[in-house]
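S.K.: Structure here, sequence nowhere to be found:
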């Protein structure tokens, strides 16, 4: 009895790799409230102001202490790589918080604009003694803004500590592009596929 082989599909072309923009401190700064905005947020919403310099200095001190503790056991190259990764985590965290803040500002604006529509009856005011959903969204956006500003301060301190400790500017790690398969490798793969 002859066994039928299911037809094999042709090899699929390799998917184009999505290029991701490196997350830099400058990119984080564009998404984070400015010092003036952070002051306005804390004043307008009655929130604790962020001590930018204090957070920045404490982070630099933490990095310096950590590096000095590791120096006897970790060579210079390994220490630089280690610190580069830690700074990357700080910058990545600040970027995540800044992006979250940006999203929450958009939500708060949309909710506030809906309430400004005179023809709309629902959600005009909150229940007596409580804020409206739009007011809560604005307050939450303000809180996330101050969080983003504080984490930006920490990332700023980490980036500057990296330069002091290594003498180099911090740059985000960018993975090398995967080499594309050569024509002969593709032909070999197609031939082996044809052989079954």
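M.R.: Now that the structure is in, tell me what you want to look at. Keep in mind it's a predicted model, so treat the numbers as computed, not measured.
S.K.: Residue 188 and residue 132, how far apart?
M.R.: 66 Å (C-beta to C-beta, to the nearest Å). Quick note: C-beta positions are derived from backbone N, CA and C, even for glycine.
S.K.: These two - which one has more neighbours?
M.R.: Set residue 188 next to residue 132 and count neighbours by other C-beta atoms under 10 Å: residue 132 wins out with 16 against 12.
S.K.: what separates that one from residue 111, distance-wise?
M.R.: 8 Å.
S.K.: in stretch 58-72, what's buried?
M.R.: Buried residues in stretch 58-72, defined by neighbour count with 16 or more other C-beta atoms under 10 Å: 59-60, 63, 66-67.
S.K.: What separation do you get for residue 160 and residue 42?
M.R.: 24 Å.
S.K.: for residue 107, that is, sorry about that
M.R.: 20 Å.
S.K.: Helices - which of the buried residues of stretch 58-72 land there?
M.R.: Counted as lying in helices by DSSP state H, out of these, are 59-60, 63, 66-67.
S.K.: pLDDT weak spots in the protein?
M.R.: Residue ranges of the chain with pLDDT under 70: 1-19, 116-131, 177-183, 196.
S.K.: Could I get the full set of helices for it?
M.R.: Along the chain, counting by DSSP H, helices occupy 25-31, 35-45, 52-70, 76-116, 133-166, 183-195.
S.K.: which of those is buried the deepest?
M.R.: Comparing these by mean neighbour count (mean count of other C-beta atoms under 10 Å), helix 133-166 ranks first with a mean of 21.
S.K.: packing partners for that helix?
M.R.: The contact analysis (3 or more C-beta pairs under 8 Å, 6 or more residues apart in numbering; DSSP states H and E) places helix 133-166 against helix 25-31, helix 35-45, helix 52-70, helix 76-116.
S.K.: could these go into a markdown table alongside distance to residue 138?
M.R.: A markdown table is the format used below for those (distance: least, C-beta to C-beta, whole Å):
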| stretch | distance to residue 138 |
| --- | --- |
| helix 25-31 | 18 |
| helix 35-45 | 8 |
| helix 52-70 | 23 |
| helix 76-116 | 5 |
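S.K.: Indicate which one of the ones you listed is closest to residue 194.
M.R.: Residue 194 lies closest, by C-beta to C-beta, to one member of those: helix 76-116, at 44.5 Å.
S.K.: Now do that closest one: distance to the chain's middle.
M.R.: Helix 76-116 sits 4 Å away from the centroid of its parent chain (C-alpha atoms, centre = their mean, to the nearest Å).
S.K.: Now do that helix against helix 52-70, angle only.
M.R.: Angle between the axes of helix 76-116 and helix 52-70 is 150 degrees (criterion: axes from the mean of the first three to the mean of the last three C-alpha atoms, to 10 degrees).
S.K.: Appreciated, that's everything.
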